[in-house]
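Q: this is the structure alone, sequence omitted:
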Ligand SMILES: O=P(O)(O)OC[C@H](O)CO
């Protein structure tokens with residue numbers, strides 16, 4: 001039996017999902033055993049895998065968040081493109097079977113698919129319906145614009161809620177998806193898809209206005225900052241915060257943990273911006289195959305990836321987690337099953353993502369993106385804390401972030 005090590009970053013109910021996938025695949029055949037291991041947050045597992053690769057003991061499969069894509073693409077000796085693995089394993093990889101927004105994100109400029117689409121998400125608005133009721137708000141009507149979010153937050157606060165609104169993944173929700181949703185650039189060169197000479201561009205009057213609004217909400221106790229990455233997620237499903245912008249993949253942990261009725265709504269927008277709302281950007285992660293593995297191991301990986309892409313498996317994953325249906329067949333199967341009608345709100349992520357994209361809204365692909373996100377976190381923490389104005393924080397994030405882009409460009413030219 002061939003053992004395949006799979007490092008992942010799925011917490012709580014999502015970890016149960018990953019373990020069940022491995023268990024069911026292992027039970028379906030005898031040749032391959034998938035061994036999943038939780039390695040901490042996305043940042044942590046990526047750092048651990050890079051260190052393990054250097055030491056010669058990398059896992060076979062690594063789950064990498066979308067932010068790590070350019071770094072993985074550039075580390076040519078460390079990874080094997082998924083298309084090659086599938087071929088070596090005697091399996092085919094049909095990129096056309098995947099939802100275009102998903103396939104497009106994980107494709108190299110040459111058209112080759114580099115990693116296996118797995119848990120693609122997008123940014124949505126989660127809200128606590130019970131808290132809405134208690135505050136005299138309509139639980140069946142989520143705020144759809146940012147001014148409405150501020151008004152709802154004020155009512156929630158007046159009803160005694162100490163954390164009316166918070167957000168996970170500040171850069172992803174308030175800058176990356178925010179930009180695409182309003183059809184404005186986050187970075188030049190089509191948000192980095194057009195070349196390594198891309199530079200950050202999220203200092204338009206719209207961006208400054210939005211961060212100013214959030215900073216004002218923070219001052220009034222309407223927006224309560226709860227930390228970086230997915231750390232704030234638990235403050236929503238515990239009931240502490242009543243509204244949150246975050247991942248559609250939070251659905252699994254809300255279902256498991258929340259002791260209240262919750263709703264999913266589209267990301268809020270500014271109604272005076274022409275063309276808004278456009279579409280939101282992809283998040284979540286994909287599965288990368290690390291280099292230096294034996295042909296028989298590639299065969300095992302290929303068999304597992306084929307299993308994950310089966311329409312019934314991919315559809316079940318989507319329904320269980322809130323991550324997107326990654327293949328077209330999985331989406332059609334889910335729709336036919338009546339799931340969206342029976343579970344209002346579960347279609348929000350899909351609807352936001354299947355809209356036609358523009359050059360400004362396809363997604364963001366930057367080198368050193370992990371570091372850039374940290375810089376944005378640091379600068380915005382200064383803004384939420386009242387130590388810098390929105391404009392100062394944004395300008396500092398842009399100039400520090402651009403240094404990272406220049407460094408990546410220099411290291412990867414030719
Ligand atoms: O919480 P996830 O898995 O949807 O990931 C969110 C962000 O895309 C991570 O960069």
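A: Received it, and whenever you're ready, just let me know what you need. What you see is a predicted model; the values in this text were computed from it and never measured. Residues are numbered from 1 along each chain as shown.

Q: nearest to the ligand: which residue in the stretch 1-150 of the chain?
A: residue 121 (3.2 Å; C-beta to the nearest ligand atom). Placement of C-beta: from N, CA and C, glycine included.

Q: list the contacts of that residue.
A: Shown in contact with residue 121 (C-beta atoms under 8 Å, 6 or more residues apart in numbering): 247, 248, 249, 282, 283, 284, 322, 323, 324, 349.

Q: so which of those residues reach the ligand?
A: Taking C-beta under 6 Å from any ligand atom as the test, the ligand is in contact with 247, 249, 283, 284 out of the contacts of residue 121.

Q: which pair in the contacts of residue 121 spans the largest distance?
A: Spatially, the most separated pair among the contacts of residue 121 is 282 and 322, at 14.0 Å (C-beta to C-beta).

Q: mind checking the pLDDT average for stretch 338-358?
A: Here stretch 338-358 scores 90 as its mean pLDDT.

Q: contacts for it?
A: Contacts for stretch 338-358 (C-beta under 8 Å, 6+ apart): 99, 101, 121-124, 180, 183, 248, 251, 263-267, 277-280, 282, 319, 322, 324-325, 331, 334, 363.

Q: among the residues you listed, which are located in helices?
A: 101, 180, 251, 319, 331, 334 (DSSP state H).

Q: the last one: how many residues sit nearby?
A: Think residue 334. Close neighbours of residue 334, defined as other C-beta atoms under 10 Å, add up to 21.

Q: next structured bit after the longest strand that the chain contains?
A: With secondary structure taken from DSSP state E, the chain has its longest strand at strand 116-128. Following strand 116-128 in sequence order, the next helix or strand is helix 129-134 (DSSP states H and E).

Q: what does the stretch 201-350 of the chain put close to the ligand?
A: 230, 247, 249, 283, 284, 285.

Q: again, only this time at 5 Å
A: For the stretch 201-350 of the chain, the contact set with the ligand under C-beta under 5 Å from any ligand atom comprises 247, 249, 283, 284.

Q: who does the helix or strand encompassing the last one pair up with?
A: Under DSSP H and E, the secondary-structure element containing residue 284 is strand 282-290. Based on DSSP bridges, the strands next to strand 282-290 in the sheet, each with its direction, are strand 61-65 (antiparallel), strand 79-80 (antiparallel), strand 116-128 (antiparallel).

Q: let's have those in TSV, adding mean pLDDT.
A: Below are these laid out as TSV (pLDDT from 0 to 100):
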stretch	mean pLDDT
strand 61-65	97
strand 79-80	95
strand 116-128	96
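
Q: and the ones you listed as a markdown table, adding distance to residue 375?
A: Converted to a markdown table, these look like this (distance: least, C-beta to C-beta, whole Å):
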| stretch | distance to residue 375 |
| --- | --- |
| strand 61-65 | 17 |
| strand 79-80 | 25 |
| strand 116-128 | 20 |
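
Q: check this structure for the residue nearest the ligand and tell me.
A: For the chain, C-beta to the nearest ligand atom, closest residue to the ligand: residue 283, 2.4 Å.

Q: residue 24 belongs to a helix, doesn't it?
A: Yes - under DSSP: H, G, I helix; E, B strand; the rest coil, residue 24 sits within a helix.

Q: what's the separation between it and residue 145?
A: 43 Å (C-beta to C-beta, to the nearest Å).

Q: how about the strands in this structure?
A: Under DSSP E, the chain gives strands at 2-8, 32-38, 61-65, 79-80, 116-128, 163-167, 241-247, 262-265, 282-290.

Q: could you break the protein into its assigned domains?
A: 2-121+283-353, 122-280+362-411 (automatic domain parsing).

Q: residue 364 contacts residue 176, doesn't it?
A: Yes - counting by C-beta atoms under 8 Å, residue 364 does reach residue 176; the two are 5.1 Å apart.

Q: quick check: nearest residue in space to residue 139, chain neighbours excluded?
A: Among residues not flanking residue 139 along the chain, residue 129 sits closest, at 3.8 Å (C-beta to C-beta, 6 or more residues apart in numbering).

Q: count the residues that sit near residue 342.
A: Neighbour tally, residue 342, other C-beta under 10 Å: 9.

Q: and what of the one 4 residues further on?
A: Look at residue 346: counted by other C-beta under 10 Å, it has 18 neighbours.

Q: give me the phi and psi angles of it.
A: With angles defined as degrees, to the nearest 10, residue 346 sits at phi -70, psi -10.

Q: these two touch, right, residue 212 and residue 390?
A: Yes - the criterion here is C-beta under 8 Å, and residue 212 meets it with residue 390 at 4.2 Å.

Q: more neighbours: which of the two?
A: residue 390 (20 against 15).

Q: any idea how far residue 197 is from that one?
A: With C-beta to C-beta as the criterion, residue 390 and residue 197 are 27 Å apart.

Q: same check on residue 212?
A: 30 Å.

Q: can you check residue 77 too?
A: Counting by C-beta to C-beta - residue 77 and residue 197 are separated by 24 Å.

Q: ok, residue 58 next?
A: In this view, residue 58 and residue 197 are 31 Å apart by C-beta to C-beta.

Q: out of those two, which sits in the busier spot?
A: residue 58 (23 against 12).
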